[in-house]
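[1] Fold the following and give me the result.
(one chain, ligands or ions: 1)
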Amino acid sequence: MNASTFRVVRVALAATIAAVAALVAALVLGGAVTEKIIPGLGDAGALTRWGLPFSRLVMDLAAALTVGALIAAAALLPVTGAGGSGRPSLSAPALGYLRGASWLAALWAAAAAANLVFTVSDVLGQPVGDIVTGSELSSYVGQLPQGTALMMVVLITVVVALLSRTTTTPAAAFGLLALAIIALLPAPLTGHSASAANHSVAVTGVALHVGAVAPWVGGLAILAAHALAGRDRLGVMAARFSRMALWCYVIVGASGLVNVIARLPDPAQLVDTDYGRLALGKIIAFALLGWFGWWHRERTLPRIEARETRAFARFASVEAAVMAATMGLAVALARTAPPAPAEVESTVKSLIGYDLPPKVNPARLATLWQFDFFFAALVLVLGFVYVAGVLRLRRRGDSWPMGRTAAWFVGLLTIVAVTETGVATYAPILFSVHMVQHMVLSMLTPIFLVVGAPVTLALRALKPAKVRGDRGPREWLTALLHSRYVSFVAHPGIATVIFVASTFTLYFTPLFESAMRNHLGHIAMMVHFLVSGSLFYWVLIGIDPAPHKLPYPGRLILLFVTMPFHAFFGIALMNLGAPLARAWYTAVHPDWGTPILQDQHTGGAIAWGFGEIPTFIVLIFLAFQWFFDDQRRARREDRQADRAAARGERSAAGDELAAYNERLARLAKREEEQAE
Ligand code: HEM
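    Numbering: from 1, shown residues only. Here you go, the predicted model:
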């Protein structure tokens, strides 16, 4: 073993010891490993009590390291070479991290499999030996939500482990990174968040939390190893990581606090309960990690520039150990029972996360606020990033049309109007209100968002990569725009089919009921409305560069061919003989509500009538765009003709003009002759 490998192993060992020590201390103090005798159930035994959190810790650490290694390969290290096909390929160090990710993903899969066995043993109250030798494992895996979730993790991580061995391009490495991030979610989402009092906020909170923890913790660990091993390009990697880490830090803190508030409604519970005290420990660790980040920015990053990498390596190693200890604390927290709610929840509250609101009326639709963490965060980020782009252009002395900024913010406002107000409160219980949400998100919001031209703004505001041939955010965006995937989905025919067919597929299959029952499924449905609508309107009236531009008459035809399908959809709903998602709407039906089927007929009428509004707005837009495009083209041709005339040449436009003038002169002459 050479000296640099020895340094990496020593630090990895120290971080593992820190994680295990924090886990053991927190498990003992929080009481999560004391034997509990639940009447009617046997005791699963000490192996399960300890094996469950330990396998989870290995899972969480391996997950973070896999994500970190994939990020290092796909985004932190510069892309330098071009493969045999001429396409960009990963550099040798990046390929090394990718192969490392393969082993780490295999460890992640093994730990998830072990966690699966311990989970079944824990739920059934039977020792691991009985579970493994009997038929319980195979028969309970599919029945327990945690079992299904862990099976999904094993499957996805095995795919990541196998593909990481053969992948060679940056785009494919990004695909693997996306897969790994998906694999982070199932396990924590079937923990306390699924049963928290305010479960919709808790589910979004945990998803954002683990989605930001892994790149941050894993990215720093890989960076520390890179520095300890004395490898090249540390400066570029550290600068890129630092920008990403700031975003992760903000998301981890905000989502962590939201998670705690969702489980501990009374702040006194932070010190009165085991769960609260462990959460407090994490808040302190979080503050300490914030200080580490600040110190890096102020002190160690400038020293890397001056090629003094030792200080960074030492400091990042200590930081990685603190992060690992916090992961230990996190696992103990997830194993510690939060305090039970003061009163027993009603069935409706356990389904929608709050008690049934009073009878619906327009004032309540506008004023009953309902906090949706996911969409609040989305709107804030989209608004902030857009303003940052415009300000960067302004500082450079470039202008950006006010109309586009206004359109972008009107679009964001419409999202707030249907996801954070009374519309969001009533949407889960009344199909008619859900339909308002759907129509706005898929047919109104996207019009304003595409007119805001976010891609054009990003292409102008983002700086090109410093290293030639490398991919920074700007190059990634351009690569995505030119990719076969975008070219396929942005084809007018495909975008229209996605826009129209997905509506029918969602509502007339069991998919709709599943999306209403599962909070993440519900978010996915709403995001799909937004994305499919944006894709369609991008093709129709988009200002941003697109792979296929339709001529204006073609766009008009597309608009008039598509809109009737929405009318058909509305009419189909108005003629429903039996309610959609009957079990869901029966379970949440309010006393004051109209019969479920009648409410769904109203929803159909809303879908039918609403189509006219976007059609009208799009027609106005198209008319303006067509007119201004013609004007621009005419001005361009005039300029070309003038330039050609100045050079004494004859251009096509100049020829046309000369012929036209000649014709006028001939007509005038003939009129004169006739008059004589
Ligand atoms: C403001 C600071 C933080 C707060 C308030 C907080 C709070 C929470 C809460 C309430 C959970 C859900 C536990 C459950 O299911 O009952 C959680 C999960 C988690 N947290 Fe944090 N956290 C914070 C910072 C951090 C940091 C700095 C890290 C890592 C360095 C971290 C890593 C994790 C992980 C990995 C999980 C998922 C554990 C699992 O289910 O296996 N958290 N956090």
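[2] Contact residues of the stretch 201-350 of the chain facing the ligand?
    By Cβ under 6 Å from any ligand atom, the residues of the stretch 201-350 of the chain that approach the ligand are 206, 209-210, 213, 217, 252-253, 256-257, 259-260, 279, 282-283, 285-286, 289, 323, 326-327, 330-331, 333-334. Every C-beta, even on glycine, is put in place using the N, C-alpha and C of the backbone.
[3] Derive a PyMOL selection command for the buried subset of those residues.
    Those of those that count as buried under 16 or more other Cβ atoms under 10 Å are selected in PyMOL with:
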select buried, resi 206+209+210+213+217+252+253+256+259+260+279+282+285+289+323+326+327+330+331+333+334
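[4] Low-confidence regions, the stretch 301-450 of the chain specifically.
    Within the stretch 301-450 of the chain, not a single segment meets pLDDT under 70.
[5] Now do the helices in it.
    Ranges of helices in the stretch 301-450 of the chain, per DSSP state H, counting those that start in this stretch, are 301-305, 310-335, 347-352, 362-367, 373-395, 402-419, 422-426, 431-439, 445-451.
[6] got TSV for these, with distance to residue 157 too?
    TSV is the format used below for the helices of the stretch 301-450 of the chain (distance: least, Cβ to Cβ, whole Å):
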stretch	distance to residue 157
helix 301-305	33
helix 310-335	18
helix 347-352	32
helix 362-367	44
helix 373-395	25
helix 402-419	33
helix 422-426	35
helix 431-439	35
helix 445-451	35
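[7] Could you work out which of the ones you listed reaches nearest to residue 565?
    Of all the helices of the stretch 301-450 of the chain, helix 431-439 sits nearest to residue 565, with 13.7 Å by Cβ to Cβ.
[8] Show me what the closest one is packed up against.
    helix 402-419, helix 422-426, helix 596-610 (3 or more Cβ pairs under 8 Å, 6 or more residues apart in numbering; DSSP states H and E).
[9] and if we set it to 7 Å?
    Contacts defined by 3 or more Cβ pairs under 7 Å, 6 or more residues apart in numbering; DSSP states H and E place helix 431-439 against helix 422-426, helix 596-610.
[10] show me the contacts for the residue of the stretch 151-300 of the chain found nearest the ligand.
    At 2.5 Å from the ligand, residue 256 is the closest residue in the stretch 151-300 of the chain, using Cβ to the nearest ligand atom. By Cβ atoms under 7 Å, 6 or more residues apart in numbering, the contact list for residue 256 reads 209, 282, 286.
[11] change it to 6 Å
    By Cβ atoms under 6 Å, 6 or more residues apart in numbering, residue 256 lies in contact with residue 209.
[12] residue ranges for the helices of the stretch 151-300 of the chain, please.
    170-184, 186-189, 192-195, 199-228, 234-263, 269-272, 274-295.
[13] separation between residue 146 and the ligand?
    The gap separating residue 146 from the ligand is 11 Å, by Cβ to the nearest ligand atom, to the nearest Å.
[14] okay, residue 521: pLDDT?
    Looking at residue 521, its pLDDT is 87.
[15] any idea how far it is from the ligand?
    Taken as Cβ to the nearest ligand atom, the span from residue 521 to the ligand is 20 Å.
[16] Verify the assumption that that residue is located in a strand.
    No. With DSSP: H, G, I helix; E, B strand; the rest coil as the criterion, residue 521 is helix rather than part of a strand.
[17] In this structure it contacts residue 515, no?
    Yes. The criterion here is Cβ atoms under 6 Å, and residue 521 meets it with residue 515 at 4.2 Å.
[18] Settle it for me: which of these two has more neighbours?
    residue 515 (20 against 14; other Cβ atoms under 10 Å).
[19] Might you report the residue contacts of the more buried one?
    Counting by Cβ under 6 Å, 6+ apart, the residues that residue 515 touches are 521, 522, 525.
[20] switch to 8 Å and redo it
    Neighbour list for residue 515: 506, 521, 522, 524, 525 [criterion: Cβ atoms under 8 Å, 6 or more residues apart in numbering].
[21] Let's verify it: helix, strand, or coil?
    From three-state DSSP, the assignment for residue 515 is helix.
[22] tell me the angle the longest helix belonging to the chain makes with helix 402-419.
    Criterion DSSP state H: the longest helix present in the chain is helix 612-646. Between helix 612-646 and helix 402-419, the angle comes out at 160 degrees (axes from the mean of the first three to the mean of the last three Cα atoms, to 10 degrees).
[23] Who are the packing partners of helix 612-646?
    Looks like helix 612-646 contacts helix 445-451, helix 519-541, helix 552-574, helix 652-675 (3+ Cβ pairs under 8 Å, 6+ apart).
[24] Point out the most buried one among the ones you listed.
    helix 445-451 (a mean of 25; mean count of other Cβ atoms under 10 Å).
[25] in stretch 97-108, what's buried?
    97, 98, 100, 101, 102, 103, 104, 105, 106, 107, 108.
[26] still on that earlier bit, between the helices and strands packed on helix 612-646, which gets nearest to residue 142?
    Nearest of the helices and strands packed on helix 612-646 (Cβ to Cβ): helix 519-541, 18.4 Å.
[27] just how off-centre is that closest one within its chain?
    13 Å (Cα atoms, centre = their mean, to the nearest Å).
[28] Equivalent analysis for stretch 442-452, please.
    With Cα atoms, centre = their mean, you get 19 Å for stretch 442-452.
[29] after the worst-scoring helix or strand of the chain on mean pLDDT, next one along is what?
    Across the helices and strands of the chain, mean confidence by mean pLDDT, DSSP states H and E is lowest for strand 81-82: a mean of 54. Downstream of strand 81-82, the first helix or strand assigned by DSSP states H and E is strand 88-89.
[30] Show the average pLDDT along that next one.
    74.
[31] Which other helices and strands does the next helix or strand after that strand contact?
    Toward the C-terminus, strand 88-89 is succeeded by helix 92-124 as the next helix or strand (DSSP H and E). Applying 3+ Cβ pairs under 8 Å, 6+ apart, one finds that helix 92-124 contacts helix 46-71, helix 128-133, helix 136-141, helix 145-163, helix 170-184.
[32] Check whether the longest one comes near the ligand.
    Spelled out, it's helix 46-71. Yes. Helix 46-71 reaches the ligand (Cβ under 6 Å from any ligand atom) through 56, 60.
[33] Could you quantify the relative orientation of that helix and helix 145-163 as an angle?
    Going by the same axes, to 10 degrees, helix 46-71 makes 40 degrees with helix 145-163.
[34] still on that earlier bit, the helices of the stretch 151-300 of the chain: which one's closest to residue 367?
    That would be helix 199-228 among the helices of the stretch 151-300 of the chain, by Cβ to Cβ, at 20.0 Å.
[35] The closest one vs helix 170-184, what angle?
    Using the same axes, to 10 degrees: helix 199-228 against helix 170-184 is 130 degrees.
[36] now the angle between helix 519-541 and helix 199-228, please.
    Using the same axes, to 10 degrees: helix 199-228 against helix 519-541 is 80 degrees.
[37] Helix 199-228 versus helix 373-395: what angle between them?
    Using the same axes, to 10 degrees: helix 199-228 against helix 373-395 is 50 degrees.
[38] Show the average pLDDT along helix 199-228.
    Per-residue scores along helix 199-228 average to 91.
[39] Taking their axis directions, that helix and helix 92-124 sit at what angle?
    Using the same axes, to 10 degrees: helix 199-228 against helix 92-124 is 140 degrees.
[40] Poorly predicted segments of the stretch 51-200 of the chain, please.
    For the stretch 51-200 of the chain, the ranges with pLDDT under 70 are 80-87, 134, 192-198.
[41] For the chain, what lies in contact range of the ligand?
    56, 60, 188, 191-193, 206, 209-210, 213, 217, 252-253, 256-257, 259-260, 279, 282-283, 285-286, 289, 323, 326-327, 330-331, 333-334.
[42] residues in contact with residue 212?
    So residue 212 contacts 247, 248, 251, 252, 255 (Cβ under 8 Å, 6+ apart).
[43] Okay then, goodbye and thanks.
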